[in-house]
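Engineer: Sequence and predicted model, in that order:
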Protein chains: 2
Amino acid sequence: MEYIDKGICAPKGFKASGIHVGFRKNKRKRDLALVYSETRCAAAAVYTRNKVKSAPIMVNLEHLKDGMAQAIICNSGNANTCAPNGVEVATGACRLAAEALGIDEKDVIVCSTGVIGERMFLEPFEIGVPKAAKKLSYDGSTAAARAIMTTDKVAKEIAVSFEIDGKECRMGGIAKGSGMINPNMATMLCFITTDANVEPAALQKALDADILDTFNQISIDGDTSTNDTVALLANGMAGNAPVTCQGEGFDTFCQALRKVSVALCKAIAADGEGATKLLECVVSGAPDKDVARKVSKTVIRSDLVKTAIFGRDANWGRVLCAVGYSEPEFSVENVDMRLASGSEEVEVCNASVACDFDEEAAKRVLSRKVVRLLIDLNLGSESAIAYGCDLTYDYVRINGSYRT
Amino acid sequence: MEYIDKGICAPKGFKASGIHVGFRKNKRKRDLALVYSETRCAAAAVYTRNKVKSAPIMVNLEHLKDGMAQAIICNSGNANTCAPNGVEVATGACRLAAEALGIDEKDVIVCSTGVIGERMFLEPFEIGVPKAAKKLSYDGSTAAARAIMTTDKVAKEIAVSFEIDGKECRMGGIAKGSGMINPNMATMLCFITTDANVEPAALQKALDADILDTFNQISIDGDTSTNDTVALLANGMAGNAPVTCQGEGFDTFCQALRKVSVALCKAIAADGEGATKLLECVVSGAPDKDVARKVSKTVIRSDLVKTAIFGRDANWGRVLCAVGYSEPEFSVENVDMRLASGSEEVEVCNASVACDFDEEAAKRVLSRKVVRLLIDLNLGSESAIAYGCDLTYDYVRINGSYRT
């Protein structure tokens, strides 16, 4: 398996575009993305578990009932959530995309990201969708990745190639993240394409399993958005025998998916609102997987841990404190903890008691761009990783005036 | 029931002191508090639910088994948590207090607040406890309130008088809060004294019931500390017939306790690390009390809500988003929301759909020192309040370099 170029357009038969239409005032900011497959795709998606769901999610739940899709239309700048005419506009956007692409409107997935609760208008789609369709290109991944950004600072895209059934397959993805990101999806949108031939049920199974250790393990700020969506399209143009719900092909496909999703998760976490670093919390020695996931996620979302790491302060007591208030019940008598970056590690706590450690070495570790908190509960053999970022002045600045 | 002066020393027979000993480097910062009752008291306490507990909590669990106590010794500057010799030092502090006061060491409650995981020394207690005992005074409440502060900016004290059984009773309290404050107690310490005569079991029952709607409904940053303690001492010197677990006397006592605890909770929330305002989230129309409490607490701990209010930005979609991701299952179809301060209210959302509201009026409301988010779920008749604060640059500054 290796990394390749062209992101979401790396798989055969996928085109994308990203243009400025006017959902956002800044004319230099692209705000409408279109992704299109030349053939109909098996399609799977997962959505936010927030009880308040964006109108597009309601529409997608309906459109993906048959497990098939052929295009994705997505705007940034307005979340189309709690707007009085939300479903009408989301349905209208699908209809416009279907007309421009000559496909069935039920084969269009629609997504929105931006401010919640503002009125949504169809006009920008009426103007923009035909333009975006004209701009579709095999080199359009980056433009689409940019068009779905909100407060993201960098576009997020990735692609890999792998082999199933002797055929070369490709998988690519784009994502946006930034704020309102926590468990169970976030104002996190992620679109993944592949030319592997995968049955719809297998595609959904692979996605459902993957997110437990990837997208659901990211937390930027503990706020679970109303719009989170990960959509996965497989058009089968690689020509492999269909991947079903088990077997070697399925395993290989899941590995490729994991590679793509972890890369996008890290990119989302590292680019969290105001973030200066990527934090990875690795919990090992857990009695079961659920404990490992929950503890790592609880640590990664602690504001006190995040601000300490922003300040390069090895205040590991806050990390142990977060381990302690994580929801599952387990013994905290024998916790070991190390701070790590690259190949350097500093042990700060052994059997839940402070170590005498080198403060300078700890500061050096915490000064790097990727910081890992290694926590061994010494209770079993399960482990999990959660992805997050530090909490900075810029987070406050960005979110103190998001709408203005 | 009316407010009176002298805080924790308002009830008959209680003295307090607060001095600088050396747990903290700044010589102008008091760091050792002592509270003493002239007679033995019925005593009740509640502690953090963090699985990692400070050494003093371990000692208090033992000392309060008989439901009696006579003094509280508390240092700031070191949390005495995860220190190798923690229990030894906490026990030693009780012994020193007992010697200085001529009481049983099992009648001493010990508390610590400050940095987690640093070695703890008995020496400051050896020097400080006799000095603190000499300084005990009926005017010592404010000095004690100051001595337990960490990053708190203002001392928190309150007292009320009330009548039980025809006798005038008094209740006073001091508290410290600031950061690491969330549900289930926080690095929140609160000491409440009363001269009412209350049976130990009734005292614990009153406290257990009270915190569900008061201390457990505060959130500054979602981090539940290892040290949280609320201790309540009743010395009976008011001379009323003993208050038992039910009846009019018990009800009056609970009302007085609620008055004291709500005042301290608001003071703690308003003085949260970096806070510029007190937020109160009032959830009404809930199908049951649990939903009301959880929804209000979820909203109050949302970083996105907190930063928006810091920025005076009426981004109510974030509030509805937090309602949506709160844990209980309920319908979010019919949520009404108003922003309020003083007598001014601005309706921003009706039946879960955006209202056209006056942005200037909303900004005016959000500019005040106390902001209320009024959320009606329209599902029933239960309500609850949660207390919190905004998230500001100063929170990041304070917590980015707490140890240095």
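Structural biologist: Thanks, I have it.

Engineer: Helix, strand or coil: sort out the closest residue to A:Arg119 other than its chain neighbours for me.
Structural biologist: Closest residue to A:Arg119 in three dimensions, ignoring its sequence neighbours and counting by CB to CB, 6 or more residues apart in numbering or on different chains: A:Ala83, at 5.4 Å. (Each C-beta comes from the backbone N, C-alpha and C, glycine too.) Counting by DSSP: H, G, I helix; E, B strand; the rest coil, the backbone at A:Ala83 sits in coil.

Engineer: next one: phi and psi at A:Ala83?
Structural biologist: A:Ala83 has phi and psi values of phi -90, psi 140 when expressed as degrees, to the nearest 10.

Engineer: which stretches of the stretch 51-200 of chain A form helices?
Structural biologist: Counting by DSSP state H, counting those that start in this stretch, the stretch 51-200 of chain A has helices at residues A:55-63, A:86-101, A:123-135, A:141-147, A:200-212.

Engineer: which one of those lies closest to chain B?
Structural biologist: Between chain B and these, the shortest gap by CB to the nearest CB is with helix A:86-101, which sits at 9.0 Å.

Engineer: coming back round to it: so which of the helices of the stretch 51-200 of chain A is the most surrounded?
Structural biologist: Ranked by average neighbour count under the criterion mean count of other CB atoms under 10 Å in any protein chain shown, those are headed by helix A:141-147 at a mean of 26.

Engineer: From the contact counts, what lies against that helix?
Structural biologist: Counting contacts by 3 or more CB pairs under 8 Å, 6 or more residues apart in numbering or on different chains; DSSP states H and E, the secondary-structure elements packed against helix A:141-147 are strand A:14-19, strand A:32-47, strand A:156-164, strand A:167-176.

Engineer: Serialize the ones you listed to a markdown table and add fields for mean pLDDT and distance to A:Ala147.
Structural biologist: Below are these laid out as a markdown table (pLDDT from 0 to 100; distance: least, CB to CB, whole Å):
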| stretch | mean pLDDT | distance to A:Ala147 |
| --- | --- | --- |
| strand A:14-19 | 98 | 3 |
| strand A:32-47 | 96 | 4 |
| strand A:156-164 | 96 | 12 |
| strand A:167-176 | 96 | 9 |
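
Engineer: Could you export those strands as a markdown table, including mean neighbour count and distance to chain B?
Structural biologist: Listed next are the helices and strands packed on helix A:141-147 as a markdown table, based on neighbours: other CB atoms under 10 Å in any protein chain shown; distance: least, CB to the nearest CB, whole Å:
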| stretch | mean neighbour count | distance to chain B |
| --- | --- | --- |
| strand A:14-19 | 25 | 25 |
| strand A:32-47 | 24 | 12 |
| strand A:156-164 | 22 | 21 |
| strand A:167-176 | 25 | 16 |
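
Engineer: Could you provide the ones you listed in TSV, with additional columns for distance to A:Ile8?
Structural biologist: What follows is the helices and strands packed on helix A:141-147, written out as TSV (distance: least, CB to CB, whole Å):
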stretch	distance to A:Ile8
strand A:14-19	6
strand A:32-47	6
strand A:156-164	6
strand A:167-176	4
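
Engineer: for chain A, longest helix please?
Structural biologist: In chain A, assigned by DSSP state H, the helix with the most residues is helix A:248-270.

Engineer: Show me what counts as buried in that helix.
Structural biologist: Applying a neighbour-count criterion of 16 or more other CB atoms under 10 Å in any protein chain shown, the buried positions in helix A:248-270 are A:249-250, A:252-254, A:256-270.

Engineer: what does stretch A:48-56 give?
Structural biologist: Of the residues in stretch A:48-56, those buried under the neighbour-count criterion (16+ other CB under 10 Å) are A:Thr48, A:Asn50, A:Lys51, A:Val52, A:Lys53, A:Ser54, A:Ala55, A:Pro56.
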